[in-house]
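Chemist: below are the sequence and a predicted model; questions follow.
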Amino acid sequence: MFRLAHLSDPHVPPLPRPRLGELMNKRAFGYLSWQYRRKAIHRAETLERLTQDLRSKRPDHVVVTGDLVNISLPGEFETATDWLRRLGPPDRVTVVPGNHDAYIALPFSQSWRHWAGYMSNEADGNPGREPTGFGDFPAVRRRGPLAILGTSSALPSGPGMATGKLGAAQLERLECRLAQLGREGLFRVVLVHHPPLDETTKHRKRLLDSAEFRSVLKRSGAELVLHGHDHRFLEAEIGGDDGAIPVFGVPSASARPYSDRPGAHYFLHEVEKTQAGWTLTVRALGIGPEDDRFAERFTRTLRLDRGGAGGKS
C-alpha cells in the first residue's frame, strides 16, 4: 500500500510587512483583505499543528496543490520555503502553484524558483530536472506505483479575479504523458490548483480551460485528480474512456472554520493494486467545527476497475 498525503492552500502566515512600493498594484487589495479578514482565518498555529499531525502519519509522499503565499511578496516565498522544508525534503514533497503564487507578474527567479526542487520533472528520463521557467509543466514524478503529474493553472489576473488556465501547450504535453504512463500501468495522480468542474466554482475563480482539461483526462485516462482553491471539500468524478476518474478537493491547510468553509484538513490517499485495477481509500483528517483536535473526520473507499466502471463504498 502506498500512502499519499494531500494538502492545499496553506497561505503560509504571517504576512511580511510590505514596503509601500510593493502595494502599488493588485497587492493593495489583497493586503487590505488580509488585514481586515484573512489574517483571522489563516493561522500559523493551525498550519503548524496540521504539519505536525501529517508528519506523524509518515506518508510515503506529500503533495501541495498551490497557494502557498498570499499576495506574492518576495518575503512570502522565502517563508513558504522554510515551511516546505519542515514538511519534508524535495524528494518526498511535490508542489504545484496556485493563483496566489502568481498574484502579480514576477520573474521566475524571484518567485517559484524558491520551490524548484519541489517541482522537479523526472519525465523522459530526466533525473529530477528543476524548472527554469513558468512553462516547465506538467512535471512527472514516479513514486512507488504512482506517477504524479503536477500541472500549473496559475497566472496573474485582474483585481477581484482568481481565474486559472493550463493552456494548449501544457494540455498537449499532459495528454502525451498520461497516455505513456497509463501504458506503463502506473496509478496516475494529476495535481491542479483550480477545480476542474465548472459547476463547483464561482465564475471569477474558474479554470478557464476546464472543458479542455476534462477532455484530455477522458481520452488519456487517470486514476485520481487532486486540487485546492475553494477552501472546501469536493468529491466528484470525471468520466473517462477507461473508467471514472475520482476528483478530490481539500480545504485550506491553515484555516479556522469560517462562513460555510470547514477548518484545516488534509487527505491521506491509500493506494493498493488489485487484479481488476486499484483500490483507493481516502481519509480526511482535520479539525472539527467545535474543537481544534486533528482527527479522522470521514473515510471513502473506491474501487477503480480499469476497463470498466469503478465502484464506491
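Modeler: The structure has been received and is ready for your questions.
Chemist: residue boundaries of the helices in the stretch 1-150 of the chain?
Modeler: For the stretch 1-150 of the chain, helices defined by DSSP state H, counting those that start in this stretch occupy the ranges 27-36, 44-56, 74-87.
Chemist: which elements pack onto the longest one?
Modeler: Going back to what we said before, that points to helix 74-87. helix 44-56, strand 61-65, strand 93-96 (3 or more C-beta pairs under 8 Å, 6 or more residues apart in numbering; DSSP states H and E). C-betas here are computed from N, CA, C, even on glycine.
Chemist: okay, the helices of the stretch 1-150 of the chain in JSON lines with distance to His11 and mean neighbour count next?
Modeler: Converted to JSON lines, these look like this (distance: least, C-beta to C-beta, whole Å; neighbours: other C-beta atoms under 10 Å):
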{"stretch": "helix 27-36", "distance to His11": "9", "mean neighbour count": "16"}
{"stretch": "helix 44-56", "distance to His11": "8", "mean neighbour count": "17"}
{"stretch": "helix 74-87", "distance to His11": "9", "mean neighbour count": "17"}
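Chemist: next up, phi/psi of Lys26, please.
Modeler: phi -60, psi -20 (degrees, to the nearest 10).
Chemist: pretty sure it sits against His100.
Modeler: No: the criterion here is C-beta atoms under 8 Å, and Lys26 misses it with His100 at 11.0 Å.
Chemist: following element in sequence after the helix or strand Val190 falls within, please.
Modeler: If you go by DSSP states H and E, Val190 is part of strand 187-191. Later in the chain than strand 187-191, the nearest helix or strand by DSSP H and E is helix 210-220.
Chemist: who touches the next helix or strand after that following helix?
Modeler: Counting by DSSP H and E, the element after helix 210-220 in chain order, helix or strand, is strand 224-227. Contact with strand 224-227 is made by 6, 8, 63, 65, 187-196, 217, 234, 238, 245-250, 267, 269, 280, as judged by C-beta atoms under 8 Å, 6 or more residues apart in numbering.
Chemist: next one: stretch 251-262
Modeler: 7-13, 40-44, 46-47, 50, 67, 228, 231-233, 263-266, 286-287, 289.
Chemist: in ChimeraX, select just the buried ones from these.
Modeler: To isolate the buried members of the contacts of stretch 251-262 in ChimeraX, using 16 or more other C-beta atoms under 10 Å:
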select :7,8,9,10,11,12,13,41,42,43,46,47,50,67,228,231,232,233,263,264,265,266,286,287
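Chemist: one step back: can you give the contact residues for the strand holding Val190?
Modeler: With C-beta under 8 Å, 6+ apart, strand 187-191 has contacts from 2, 4, 63, 65, 94, 96, 138, 145-151, 174, 178, 181-182, 217, 221-227, 269, 271, 273, 278.
Chemist: hmm, which of those are the buried ones?
Modeler: 2, 4, 63, 65, 94, 96, 138, 146-151, 174, 178, 181-182, 217, 221-227, 269, 271, 278.
Chemist: nearest residue to Ala139 other than its sequence neighbours?
Modeler: Distance criterion C-beta to C-beta, 6 or more residues apart in numbering; nearest residue to Ala139, sequence neighbours excluded, is Asn121 at 3.9 Å.
Chemist: ignore what I typed, I meant Leu47.
Modeler: Ser254 is the one closest to Leu47 (C-beta to C-beta, 6+ apart), at 3.8 Å.
Chemist: ok, Arg129 next?
Modeler: Per C-beta to C-beta, 6+ apart, closest to Arg129 is Asn121, 5.1 Å.
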